[in-house]
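Colleague: Mind folding the following:
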Amino acid sequence: MHDFCFTIPYGLILIAGGFIGYAKKGSVSSLGGGVGAGLLLIIAGFLSLKAFEKRRNSVLALILETGGLAFVMGQRYLETSKIMPAGIIAGISALMTAFYGYKIATGGNHFSAKAE
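Modeller: Numbers count the residues shown, from 1 in each chain. The predicted model follows:
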């Protein structure tokens, strides 16, 4: 499985979560955080897709962003003990960070042999 197959949907989930947080609680920080992190992930996923088309790998930026997001939301969860949204986002981000770590450890996206 290629990293961009998870990165772009994950970015969309974060954007949706930001809008939901804003719609339910009027939280501008949820809107900004969700949309900001989501857009960064979508851009990173798109760049990874373009690198894949050129038969290159680019997962280091992805692991840094999701690792940072896992840390920040994990801290927020520890402070508030609220599973939604901090615990959920921290958990998903930790899983994504582990996935990107796995991709780096196994050599990144694998390319099929070119047909001649």
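
Colleague: Within the helices and strands, which one has residue 9?
Modeller: Element membership for residue 9 (DSSP states H and E) is helix 4-25.

Colleague: where does this structure have low pLDDT?
Modeller: Scanning the chain for pLDDT under 70 picks out the ranges 59-62, 111, 113-116.

Colleague: Which residue ranges of it form strands?
Modeller: With DSSP state E, there are no strands along the chain.

Colleague: so the longest helix anywhere in the chain versus helix 4-25, what angle?
Modeller: Of all segments of type helix in the chain, defined using DSSP state H, the longest is helix 28-53. For helix 28-53 against helix 4-25, the angle by axes from the mean of the first three to the mean of the last three C-alpha atoms, to 10 degrees is 170 degrees.

Colleague: and helix 28-53, how far from the chain's centre?
Modeller: 7 Å (C-alpha atoms, centre = their mean, to the nearest Å).

Colleague: just stretch 82-101 next, same as before
Modeller: Distance, centroid of stretch 82-101 to centroid of chain: 9 Å (C-alpha atoms, centre = their mean).

Colleague: Tell me which residues touch residue 84, please.
Modeller: Going by C-beta atoms under 8 Å, 6 or more residues apart in numbering, residue 84 touches no other residue. Glycine gets a C-beta too; all of them are placed from N, C-alpha and C.
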